[in-house]
Each structure stands twice: as C-alpha cells, then as structure tokens.
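Q: here's my sequence, what's the structure:
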Amino acid sequence: MKQRRRTSFFCTQCGNGSPNWSGRCPACGSWNTMVEEPVQEGKGRLGSPSRKSVEAVRIDSIPEEDGERIPTGIPEFDRVLGGGLFRGSMALLGGEPGIGKSTLMLQLSAFLSGAGETVLYATAEESAGQIASRARRIGCASGNILILPETRLEEIESALERTGAGILIVDSIQTVYSEALTSGPGSVAQVRHCAAELVSLTKPRGKTSLIVGHVTKDGSLAGPKVLEHLVDTVIGFEGDSNRPHRLLRSLKNRFGPTNELGVFEMTRQGLKGIAEASAFFLGRRQDGLSGGVVCAVMEGTRPFLVEVQALTSPTRYGFPQRSANGIDSRRLPMLLAVLEKRCGLELGAQDVYVNVAGGANLSDPGADLAICLAVASSRLDRPIPAGLAVSAEVGLGGELRPVSGFDRRLREARSLGFDLFAGSTEDCAEADGALRGHSTLSGCMEDILAPSGRR
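A: All right, here's what the predicted structure looks like:
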C-alpha cells in the first residue's frame with residue numbers, strides 16, 4: 001500500500017509553517033492564507049531537497065542557446081506565441097467557460113500530430129467519447145492524438161512516460177489532483193503542487209506542455225499567482241459567447257513579445273483565424289452618422305482599426321449615466337472631464353454611452369482621441385468626415401500626446417482606404433497626405449467637427 005506523504009500548512013503571505021490549519025496565520029496575522037503542502041522528512045518543504053552547491057559564473061561566459069520553435073499550423077496562434085511553441089516550454093491558456101479553449105487545444109493537437117508530433121491530451125473535464133465526437137465534427141481526428149480521461153496527476157505522469165509523447169495538454173489544471181495531498185481538486189495547494197510537478201516532469205526532458213486554466217468572475221486566472229510564475233507563457237482567451245469572434249492575447253511570454261493579439265472566428269468547423277482584423281471589425285460600419293470614429297490601435301506589434309461609437313442624450317434622472325463597453329470604464333469619466341474643462345463641451349446633464357463596435361476590448365491609450373471625438377460628434381450632432389482615422393493619447397491638460405507605432409497605424413489605415421489621419425503634432429509632422437496634427441484636443445475638435453462651410 002502506498003504511503004501517504006506527510007503534509008503541513010504554510011502561509012502564502014509570509015511562509016510560516018504549522019502542523020494544523022487555522023483561519024489566521026499565527027505569524028503575520030493574515031486571514032485565509034494557510035494552505036496545505038507536502039513535506040519530506042529531512043528535506044523540509046517539497047521541491048527543496050538538499051543538493052550540491054552551484055558556483056556563480058560570469059554572464060559573458062555562458063554560451064548562447066538556440067531553442068527550437070514548433071509551428072502550430074495556426075498562424076494567429078503562432079503570432080501570439082512569437083513564432084510557434086518553444087520546445088520544452090510550458091504555456092497556460094485561460095478563458096471563460098464555453099469560450100472555446102478545448103476546441104482550440106483540439107485543433108492545435110490535430111495540427112501538431114499531422115506534423116509528426118505525438119500528443120497526449122489529458123482531459124480531466126470531459127470523457128473520451130465527448131472529445132472524440134468534437135474531434136470528428138471539426139475534422140481533427142488523428143491517430144497521433146492520445147486521449148487520456150484522467151484527473152490523477154500520478155496517472156498523467158505515468159501515461160506520459162509510457163507513451164513517450166512530446167506534447168502534453170492538460171485540460172484543465174483546476175480539475176487535476178495529486179494523491180500526495182488531502183485537499184480537493186482546484187484548491188490552492190493542489191493547483192500549485194500539480195503545476196510544479198508537471199514543470200519538473202516535462203521541462204528537463206524537453207517535452208512541451210500546455211495547460212488550460214479557469215478564470216474567476218473578474219476575468220483573472222483562477223488559482224495561486226505562483227501558477228503564472230511557474231509557466232513560460234500565459235495566454236488569455238477572450239470573447240463574448242454571443243459573438244462569433246474570439247481574441248487570443250499574450251499576457252506573458254519568456255520567448256517572444258507580450259501583448260500580441262490573435263483574432264479568431266468561431267464556426268461549426270471550429271476556430272478560424274482572421275488575418276484581416278481591421279476589415280472584420282469595420283465590416284458593418286456606416287458613414288455619415290454622428291458619434292462614430294475610426295481609431296487605429298496597437299496590440300503588441302499588430303495594428304488594426306476599430307470603430308468607437310458614442311451616444312449622448314439628455315438625462316432623465318438626477319444623476320447622469322456613464323456607460324462604457326470595450327474600454328476602461330474608469331478612463332471614460334476622466335476624458336469627459338477634459339472635454340468639459342478644456343474644450344467647453346457641456347456634458348453635465350447628458351447621459352454618455354461609449355461602445356467599441358464588434359466587441360473588441362481596447363487598452364491602447366491611442367483610443368483616447370477617438371473616444372473624445374465620438375462623444376463630441378454625438379453631442380454636437382456633427383458627423384466625422386469620411387475617410388478619417390485618428391489615434392492619439394489625451395492628457396489631463398487637454399494636450400494630444402504621441403503614440404507608439406504611429407507609422408504602422410498609418411500604413412494600416414491607408415491600406416483600408418483612409419486617406420486622412422488625425423493625431424498629435426509630433427506624429428503627424430512628417431505624415432504625407434495625413435490631416436494636419438494638433439497639439440490640443442480643442443484645436444483638433446475645431447478642425448474636424450467645424451461646420452462644413454468652415455472646414
């Protein structure tokens with residue numbers, strides 16, 4: 001009979017150990033921070049055995065290592081990863097339930113198996129029959145994909161050794177548990193322990209692993225923060241189940257750029273990459289309506305165009321409504337205050353609604369100018385000139401600030417037929433054919449939203 005490993009409880013804040021659980025750490029006084037972890041006699045905490053000392057070496061004497069990239073066969077996924085999976089790395093994919101994480105992993109498995117890789121797909125949430133049924137529906141049934149419906153970590157490790165698979169996919173890490181711990185699956189201790197064991201099992205052997213993770217109700221990855229530190233790449237899968245498109249965003253990447261964006265469309269045959277993201281988001285745009293502004297934004301190294309829409313209407317309540325969809329809701333009141341204070345636009349008795357058409361989520365400060373112009377266009381009921389795209393950051397003093405990658409934003413706009421471009425004076429100074437740059441938001445508004453006879 002297998003002997004159960006002895007466990008103790010450690011505080012996630014200060015690291016203090018205790019043989020029994022308590023709601024409050026006796027050392028630092030933090031609440032609900034005591035988690036169970038296995039220990040080994042004579043070695044302290046698990047994962048910290050006694051070993052020989054290592055000498056420090058000069059950084060310029062360390063030889064350069066060239067890692068191998070594994071193309072996934074999905075261009076949008078390769079873009080986010082920085083050129084493909086890095087052999088021997090571990091990636092974490094997180095997203096809302098039903099967003100398509102398992103479908104993406106199944107399509108990825110099919111492409112990798114078609115390239116000669118043996119993939120072990122450990123599904124801890126679905127049965128083998130469910131996975132096989134989805135694989136046949138989206139055309140991803142391949143002999144080199146090995147399905148393992150198992151939740152025990154020890155069995156997953158044993159199957160990886162028996163099959164000799166070079167790619168391991170675990171779906172999901174929150175449902176996997178180790179028999180070395182008494183806590184249930186999904187607990188902080190189980191998630192941390194299972195992830196650390198998978199790292200020590202796969203990385204030294206050059207095996208590539210991808211683990212799927214759940215997210216909390218606020219959109220952050222569930223489990224201990226150390227989970228994100230253990231892996232090499234963290235990828236967020238975003239989208240609305242009511243919309244067909246999905247966004248794949250790199251949040252951490254030790255082998256490539258971060259904040260890269262991949263765009264997918266969910267179809268009956270699975271996820272389909274969208275190379276022309278700008279055309280996709282601007283597909284149903286209508287010219288001649290007030291409150292709509294085309295904005296050039298950057299996600300990582302990728303420029304694309306979106307339409308920022310705004311609607312103002314007289315408030316029917318004592319407190320005006322402020323609603324934002326697709327942008328930081330905390331930034332909208334700040335920009336509205338700049339419009340009132342620096343540009344003299346009366347918004348105190350107006351409800352203001354801002355939306356990014358198509359469901360995109362913008363974090364680029366270059367969208368500030370588009371938001372302000374959209375609100376002013378709706379408030380004054382004056383449409384934005386046709387063929388105009390904008391991009392600039394707005395400061396609290398009402399000044400327009402330059403943005404990164406302006407030349408790429410401009411090229412993307414021109415490729416889609418936008419021959420006018422508004423931005424800061426610094427960015428537009430050498431932009432041939434673009435609309436003259438402005439130093440202040442008020443000057444930009446007067447130039448763009450002036451009555452047709454005064455432009």
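Q: and the strand or helix carrying residue 410, which residues are buried?
A: Element membership for residue 410, per DSSP states H and E: helix 406-415. Buried residues in helix 406-415, counted by 16 or more other C-beta atoms under 10 Å: 406, 409, 410, 412, 413, 414. Heads up, the C-betas are built off the backbone N, CA and C, glycines and all.
Q: swap in stretch 80-100?
A: Of all the residues in stretch 80-100, those buried under the rule 16+ other C-beta under 10 Å are 80-82, 84-86, 88-96, 99-100.
Q: can you pull the pLDDT of residue 279?
A: As predicted, residue 279 sits at a pLDDT of 86.
Q: just confirm it is within a helix.
A: Yes. With DSSP: H, G, I helix; E, B strand; the rest coil as the criterion, residue 279 is part of a helix.
Q: so residue 335 makes contact with residue 395?
A: No. Between residue 335 and residue 395 there is no contact under C-beta atoms under 8 Å: 10.5 Å.
Q: settle it for me: which of the two has more neighbours?
A: Per other C-beta atoms under 10 Å, whichever of residue 335 and residue 395 has more neighbours is residue 335, with 22 against 15.
Q: and the more buried one, how far from residue 319?
A: In this view, residue 335 and residue 319 are 19 Å apart by C-beta to C-beta, to the nearest Å.
Q: do the same with residue 254
A: For residue 254, the distance to residue 319 (C-beta to C-beta) stands at 47 Å.
Q: same deal with residue 333?
A: Applying C-beta to C-beta to residue 333 and residue 319 gives a distance of 12 Å.
Q: circling back to that earlier point, which of residue 254 and residue 319 has more residues huddled nearby?
A: A side-by-side neighbour count of residue 254 and residue 319, using other C-beta under 10 Å, places residue 254 first with 13 against 7.
Q: how near is the residue nearest to that one when sequence neighbours are not counted to residue 62?
A: In space, and not counting its chain neighbours, residue 254 is closest to residue 232: 4.5 Å by C-beta to C-beta, 6 or more residues apart in numbering. Distance from residue 232 to residue 62, counting by C-beta to C-beta: 19 Å.
Q: those two - which one has more neighbours?
A: residue 232 (20 against 8).
Q: tell me who's in contact with the more buried one.
A: Residue 232 makes contact with 86, 89, 90, 91, 252, 253, 254, 255 under the criterion C-beta atoms under 8 Å, 6 or more residues apart in numbering.
Q: any chance of the residues you listed in JSON lines, with pLDDT, secondary structure and distance to residue 34 too?
A: Formatted as JSON lines, the contacts of residue 232 follow (pLDDT from 0 to 100; DSSP: H, G, I helix; E, B strand; the rest coil; distance: C-beta to C-beta, whole Å):
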{"residue": "86", "pLDDT": "92", "secondary structure": "strand", "distance to residue 34": "36"}
{"residue": "89", "pLDDT": "93", "secondary structure": "coil", "distance to residue 34": "32"}
{"residue": "90", "pLDDT": "95", "secondary structure": "strand", "distance to residue 34": "27"}
{"residue": "91", "pLDDT": "95", "secondary structure": "strand", "distance to residue 34": "30"}
{"residue": "252", "pLDDT": "92", "secondary structure": "strand", "distance to residue 34": "28"}
{"residue": "253", "pLDDT": "93", "secondary structure": "strand", "distance to residue 34": "33"}
{"residue": "254", "pLDDT": "91", "secondary structure": "coil", "distance to residue 34": "31"}
{"residue": "255", "pLDDT": "89", "secondary structure": "coil", "distance to residue 34": "36"}
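Q: and the furthest pair within the residues you listed?
A: Using C-beta to C-beta, the contacts of residue 232 span at most 13.0 Å, a distance reached by 86 and 252.
Q: what touches both of those two?
A: Going by C-beta under 8 Å, 6+ apart, residues that sit against residue 86 and also against residue 252 are 232, 233.
Q: so for the strand ranked longest in the chain, what gets flagged as buried?
A: Criterion DSSP state E: the longest strand present in the chain is strand 302-314. Buried residues in strand 302-314, counted by 16+ other C-beta under 10 Å: 302, 303, 304, 305, 306, 307, 308, 309, 310, 311, 312.
Q: neighbouring strands - and their directions - for that strand?
A: strand 292-299 (antiparallel), strand 350-356 (antiparallel) (DSSP bridges).
Q: would you mind finding the most buried of the ones you listed?
A: Highest mean neighbour count of these: strand 292-299, a mean of 25 (counted as mean count of other C-beta atoms under 10 Å).
Q: once you drop chain neighbours, what's closest to residue 373?
A: residue 293 (4.8 Å).
Q: with residue 426 instead?
A: Residue 426's closest residue in space is residue 402 (C-beta to C-beta, 6+ apart), at 4.4 Å.
Q: residues in contact with that neighbour?
A: Counting by C-beta under 8 Å, 6+ apart, residue 402 has contacts 392, 393, 423, 424, 426, 427.
Q: buried members of those residues into ChimeraX, please.
A: Buried residues within the contacts of residue 402, by 16+ other C-beta under 10 Å, are selected in ChimeraX with:
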select :392,393,423,424,427
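Q: could you identify the helix or strand that succeeds the helix or strand residue 200 falls within?
A: Element membership for residue 200, per DSSP H and E: helix 188-202. Later in the chain than helix 188-202, the nearest helix or strand by DSSP H and E is strand 208-213.
Q: in the helix holding residue 200, what's buried?
A: 188-195, 197-199, 201-202.
Q: identify the residues contacting it?
A: Residues contacting helix 188-202 (C-beta under 8 Å, 6+ apart): 12, 35-38, 46-47, 88, 90, 153, 157, 160, 168, 170, 173-174, 176-178, 180-181, 183-184, 207-209, 211, 222-224, 226-227, 230-231.
Q: got a quick ChimeraX command for the buried subset of the residues you listed?
A: Buried residues within those, by 16+ other C-beta under 10 Å, are selected in ChimeraX with:
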select :12,35,36,37,38,46,88,90,153,157,160,168,170,173,174,176,177,178,180,181,183,207,208,209,211,222,223,224,227,230,231
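Q: right, I'll leave it there.
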